[in-house]
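Undergrad: How does the following fold in three dimensions:
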Amino acid sequence: MNARRDGSLLAPLAVCALLAGWIALSVVNSRAMGFSLLLLALANLIVYTDALDFALRLWVSRRGAAGVGQSASVAPLTDVSIDLDAIVPPETRLLVTLAPYAIIASVFNLEDRLEEFFESFKPYRDRMWLISDGSTDNTVLRLTQAGWRCFDDGVNRKKPGAIRRLLERLPKHIETVLVIDPDIRLDAAGSSIDLNRFISDFQQSEAAAACPRIMIEPDGFLARFQSFEYALSFCVGRRSLKGFSITSGGVSIYRRDALARALAEHSLSVYAEDLENALILLGHGERIYYDGRLVVRTEGPGTLQRWFSQRVGWYHGRIKVYFERFPEVLRISRRSPFAAYNYLVYLGILSIAMHPIKMVSAALLVLSLACGVDALLFDRVLPGLNPEYFAAAVSGYLALGVVALFTSVPKSERAYAAPIVPLYLCYALVHVIPMTVGYANYFSLKLFRRRIYQDHYESPADPSVSAQPTELMQ
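TA: Residues are numbered from 1 along each chain as shown. Below is the predicted model of the structure:
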């Protein structure tokens, strides 16, 4: 095991060495090119904003963890964004009986993966309540034959509408619901508590909703980037939000009455439905917290095409929900300074309003990289843009990635994520493309009633629509 981990760490060291050599050669070969501090700042805008955001969230997370109560008789609460001990003493929490709860899900054309579904959720079958979201294969027949509860109205409502319909069918005594996607696995390694303990603590917290930590299952090179991305999003991003966190589309727990209230006001769009739920509930003065003691697994898109389509849908949903729910954003921002930072500054300004500037920043970095390669190999065929701009961005993002790796990623996952840390700037730059297309889709629909790019979320024939992990806010 140790030998395997040591071998996997050779890759990032080799890439770091290559990048260091490229930076040194670029600097030597770019002495004759003009250098502008203004262009350097503009080209490195993505690095600066990501670094400042990470530092602020890490500081808030660590400051919150320092004030969280600890008890030898219970699991540590440093992975929880609120202080549960301050709400209910740990000795009392352990004595309270677990109230009835249900695990609910919307399924669509799941026939090809039912055996895997049965195996994953067999321990929870008695608590499972399913609804078919207009399945056209034998999903419902096979589920009912196998003894699973599955309602079928023959209507494709999309996930929010299907879940709202399913809530109407649940027995009245069930006041807590765990909403999952069919590809979620509840038996992930790394959990310090089990599902019952997670639900029991939530029931006593009186919060409207809570979100566990989601991790990506290992599956190729692209999954390594997503694994690192998800670790930062949950372990730093959501944990820093205290009681103003965001629910996850993949798996979240709700008070039943809170979820019913959110879905009653919901647009029922599949785009950013988790963000819309959160804004509605937080806008009504509720609390949503993150509990990273429970770790669940989900599958990534697998291919670059699927990843691109997923991210286009995410960012289309982000801008759509943000504009439609802006009154809720203002109400949430008045409740806490850091809530104002996350929902007004980060989402509104850094992510949406400043996106055109980030497009320019990304273009400058790509051009700087091309000029560096040109200067090294082709004797400056391209018009000059100093390669030091890209070299500075690589150096800065590498430093940020190393700090994040050792401060925010769990030890058991560092060896898996480490090989891509030197290349994470490239992942961030590529991200600008689906983000731009997603935002452009929103304005194109508003102005011309058509999309620039057709993502898979609105395809009624695609079963993976309801099986996409949540949008990441970090």
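
Undergrad: elements contacting the longest strand belonging to the chain?
TA: Secondary structure assigned by DSSP state E gives strand 288-298 as the longest strand of the chain. Applying 3 or more Cβ pairs under 8 Å, 6 or more residues apart in numbering; DSSP states H and E, we find strand 288-298 packed against helix 195-205, strand 209-216, helix 273-283. Every residue, glycine included, has its C-beta placed from N, CA and C.

Undergrad: so the helix or strand following the shortest one versus strand 288-298, what angle?
TA: Pointing back at strand 209-216 there. Per DSSP states H and E, the first helix or strand lying C-terminal to strand 209-216 is helix 220-232. Put simply, helix 220-232 runs at 160 degrees to strand 288-298, going by axes from the mean of the first three to the mean of the last three Cα atoms, to 10 degrees.

Undergrad: hang on, the earlier thing: so what touches the following helix or strand past the longest strand of the chain?
TA: Per DSSP H and E, strand 288-298 leads on to helix 304-324 as the next helix or strand towards the C-terminus. The contact list for helix 304-324 (Cβ atoms under 8 Å, 6 or more residues apart in numbering) reads 222, 226, 267, 269-273, 275-276, 279, 300-301, 329, 347-348, 351-352, 431, 433-435, 437-439, 441-442, 453, 455-457, 464, 468, 471-472.

Undergrad: again with stretch 142-159
TA: Under the contact criterion Cβ under 8 Å, 6+ apart, stretch 142-159 has outside partners 106-108, 111, 114, 118, 125, 128-135, 139-140, 164-166, 169, 249, 268-270, 273, 460, 465-466.

Undergrad: Please point out which parts of it sit buried.
TA: 142-143, 148-150, 152, 156-159 (16 or more other Cβ atoms under 10 Å).

Undergrad: Now go through those residues and say which are in strands.
TA: 150, 152.

Undergrad: Which members of the buried residues of stretch 142-159 are the farthest-apart pair?
TA: Spanning the widest gap among the buried residues of stretch 142-159 are 142 and 158, at 22.4 Å by Cβ to Cβ.

Undergrad: how long is stretch 281-296 from one end to the other?
TA: End-to-end distance for stretch 281-296, by Cα to Cα, to the nearest Å: 24 Å.

Undergrad: Now that stretch: average pLDDT?
TA: In this model, stretch 281-296 has an average pLDDT of 95.

Undergrad: quick check, residue 341 in a helix?
TA: Yes. Assessed with DSSP: H, G, I helix; E, B strand; the rest coil, residue 341 lies in a helix.

Undergrad: How much space separates residue 208 from residue 286?
TA: Separation of residue 208 from residue 286 (Cβ to Cβ, to the nearest Å) stands at 4 Å.

Undergrad: what is in contact with these two at once?
TA: residue 258.

Undergrad: neighbour-wise, which of those two wins?
TA: Shown here are residue 208 and residue 286; by other Cβ atoms under 10 Å, residue 208 has more neighbours (27 against 19).

Undergrad: what sits against the more buried one?
TA: 254-255, 258, 281, 286-288.

Undergrad: Give me the phi and psi for it.
TA: Backbone torsions for residue 208, taken as degrees, to the nearest 10, come to phi -80, psi -30.

Undergrad: What is the lengthiest helix in the chain packed up against?
TA: As assigned by DSSP state H, the longest helix anywhere in the chain is helix 424-448. Judged by 3+ Cβ pairs under 8 Å, 6+ apart, the packing partners of helix 424-448 are helix 45-66, helix 220-232, helix 304-324, helix 355-377, helix 388-408.

Undergrad: per-residue confidence averaged over the third one?
TA: This means helix 304-324. Mean predicted lDDT for helix 304-324 stands at 94.

Undergrad: in it, what counts as buried?
TA: 307-322.

Undergrad: Residue ranges in the protein under the pLDDT threshold?
TA: Across the chain, residues meeting the criterion (pLDDT under 70) sit at 1-35, 64-78, 91, 93-95, 374-384, 458-474.
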